[in-house]
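Q: Return atomic coordinates for the entry below.
(one chain, ligands or ions: 1)
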Amino acid sequence: MQLDWDVIVVGAGAAGLFCAIEAGKRGRKVLVLDNGKRIGRKILMSGGGRCNFTNIYASPDNFISANPHFCKSALSRYTQWDFIDLVQRYQIPYHEKTLGQLFCDDSAKDIVAMLAQECDQAGVQIALSQQITAVSSEGAGYLLRTTTHQLQCQSLVVASGGLSLPNLGATAFGYQLAEQFGLKVLPVRAGLVPLTWQPSDKAVFEQISGVSLPVTAEANHILFAEDMLFTHRGLSGPAILQISSYWQPGDELLVNLTPGQDLAAFFTAQQQQHPAQELKTTLGRVLPKRLVEILLTLKVFQNQPLKALNPKSIERLCDSLTHYVFKPNGTEGYRTAEVTLGGVDTDDLSSKTMEAKQQSGLYFIGEVVDVTGWLGGYNFQWAWSSGWVAGQYC
Ligand SMILES: Cc1cc2nc3c(=O)[nH]c(=O)nc-3n(C[C@H](O)[C@H](O)[C@H](O)COP(=O)(O)OP(=O)(O)OC[C@H]3O[C@@H](n4cnc5c(N)ncnc54)[C@H](O)[C@@H]3O)c2cc1C
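A: Residues are numbered from 1 along each chain as shown. Below is the predicted model:
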């Protein structure tokens, strides 16, 4: 392996490959190092194997960061439309699944193959199964020791991702390196992750694992309207994954089990049309029947003929269904989380170049940075955008 490089990128994921391509196009001699056996491992397993590669509505509002303004520059300079252009140039078939989320028609392999071809054309070298043992700054550049080589570069780009899915090669490398060079790292935690039951809730709700329904889920004044899924371990589904990034241990989760419906009008009409009908049967028209059974067990309502309801009891029932409170125990953690919240403090990075403000030639991009997207293709867009901008300067 050649030992002297203009740019070394650590991490052959979405951000690292994209940065390497851009730097290579500028004529920089670029090496990408990864600890895994293949490139783009998370891309391959993303979106159920079809990679939700961007979102047509991506905007800074879809990202969580201690500094919500930081992502604006990169997202506006390399947009979702730029990435869509690239995908179209490679004639990769794709479709919008829902809410602006773009997925490959066939396979996430199409995206990885596109990135591999772009790397090839830009003269980017990739070394896999590499273990980096030490990094130091050396004159105007950096020295990296691996178990087999001693490598030098002018610019070092850290694209080593977050901590989610440790069995896919996730390491704390990027955070440790940031701290080694004096950058602040904000506390990290699992995001886009299922929430788990308290033991008492588990005994009740695990009976309806597999049941899914449209809800709004709210925590800390943030609300998402999508599907929620009951599982053996707790709550999942898009609404829960989204809100998990805002939920903190100890917080309540407020769920509207019947969003977008005028429940009071529905009950009043049903009462007039079917006065002898049991409330359980009526509820089965607006909620999954197995959930209705559980709500009955939990005494959320009393089963009685509709004619026994008065306006006050209808109001109470509507309130308990539209403001149902869950108290999750925690999250499933990094084992199943799609992303890591927190990370390298954006205060220590240039939003224009992604270079460390106090450490010239050192760049941080992608998920290792304290910018985390919602579910729906936003995290890949951040990887492409932040990788692209760093690639113009490193
Ligand atoms: C199951 C799953 C599904 C997902 N689906 C989607 C989706 O459909 N759409 C979306 O937008 N986002 C999705 N995400 C999130 C998205 O995959 C990540 O946000 C994105 O991959 C981050 O890109 P990255 O390049 O910063 O990091 P990564 O893709 O994590 O790449 C980092 C690379 O660095 C390597 N590495 C780590 N430590 C070292 C080290 N010490 N030395 C050398 N190499 C190292 C890793 O092996 C890895 O190859 C999903 C995540 C998961 C876990």
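Q: chain center to stretch 304-319, what's the gap?
A: 41 Å (CA atoms, centre = their mean, to the nearest Å).
Q: any residues touching it, and which ones?
A: With contact meaning CB atoms under 8 Å, 6 or more residues apart in numbering, stretch 304-319 is reached by 263-264, 267-268, 270-271, 274-279, 282, 301. Quick note: C-beta positions are derived from backbone N, CA and C, even for glycine.
Q: repeat for stretch 331-342
A: With contact meaning CB under 8 Å, 6+ apart, stretch 331-342 is reached by 64, 161-166, 170, 185-196, 233-234, 241, 244-245, 247, 367, 370, 372-373, 375, 379.
Q: and these, which are buried?
A: Using 16 or more other CB atoms under 10 Å as the burial test, the contacts of stretch 331-342 include 64, 161-165, 170, 185-186, 188-196, 233-234, 241, 244-245, 247, 367, 370, 372-373, 375, 379 as buried.
Q: still on that earlier bit, in helices, which of the contacts of stretch 331-342 fall?
A: Counting by DSSP state H, the part of those found in helices is Leu241, Ser244, Asn379.
Q: Leu213: which of these is nearest?
A: Leu241 (15.3 Å; CB to CB).
Q: If we ignore the residues flanking it in sequence, what's nearest that closest one?
A: Excluding the flanking residues, the one nearest Leu241 by CB to CB, 6 or more residues apart in numbering is Leu192, at 4.6 Å.
Q: quick one, phi psi at the one you found?
A: Dihedral angles of Leu192 (phi, psi; degrees, to the nearest 10) stand at phi 50, psi 60.
Q: before we move on, back to that, identify, from the ones in helices among the contacts of stretch 331-342, the entry nearest to the ligand.
A: Within these, the smallest distance to the ligand is 3.3 Å, found for Asn379 (CB to the nearest ligand atom).
Q: so what's that closest one scoring on pLDDT?
A: On pLDDT, Asn379 comes in at 98.
Q: Show me the beta-bridge partners of the nearest residue to it once chain neighbours are set aside.
A: Take Asn379 and drop its neighbours on the chain: the residue closest to it by CB to CB, 6+ apart is Gly373, 4.2 Å away. As for beta bridges, Gly373 partners with Phe63 under DSSP bridges.
Q: Look up how far Asp201 lies from Gly373.
A: 29 Å (CB to CB, to the nearest Å).
Q: Quick check: residues of the protein near the ligand?
A: Within the chain, the positions near the ligand by CB under 6 Å from any ligand atom are 10-16, 33-36, 41-42, 45-47, 51-52, 130, 132, 159-161, 164-165, 169-171, 173, 338-339, 366-367, 377-380, 383.
Q: burial of the residue in the stretch 201-350 of the chain positioned nearest to the ligand, as a residue count?
A: Proximity of the stretch 201-350 of the chain to the ligand (CB to the nearest ligand atom) peaks at Glu338, 3.8 Å away. Neighbours of Glu338 under the rule other CB atoms under 10 Å: 21.
Q: Repeat that for the one 4 residues further on.
A: Burial of Gly342 is recorded as 21 neighbouring residues (other CB under 10 Å).
Q: for Ser136, same thing?
A: By other CB under 10 Å, neighbour count at Ser136 equals 10.
Q: Tell me the pLDDT of it.
A: pLDDT, Ser136: 97.
Q: Which parts of this structure are helices?
A: So, for the chain - with DSSP H - the helices run 14-25, 41-45, 72-77, 80-89, 109-121, 173-180, 199-205, 238-244, 263-273, 279-283, 289-297, 311-322, 378-393.
Q: Export those to TSV and append columns for distance to Gln358.
A: Below are these laid out as TSV (distance: least, CB to CB, whole Å):
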stretch	distance to Gln358
helix 14-25	21
helix 41-45	30
helix 72-77	19
helix 80-89	30
helix 109-121	30
helix 173-180	11
helix 199-205	48
helix 238-244	34
helix 263-273	57
helix 279-283	60
helix 289-297	54
helix 311-322	51
helix 378-393	16
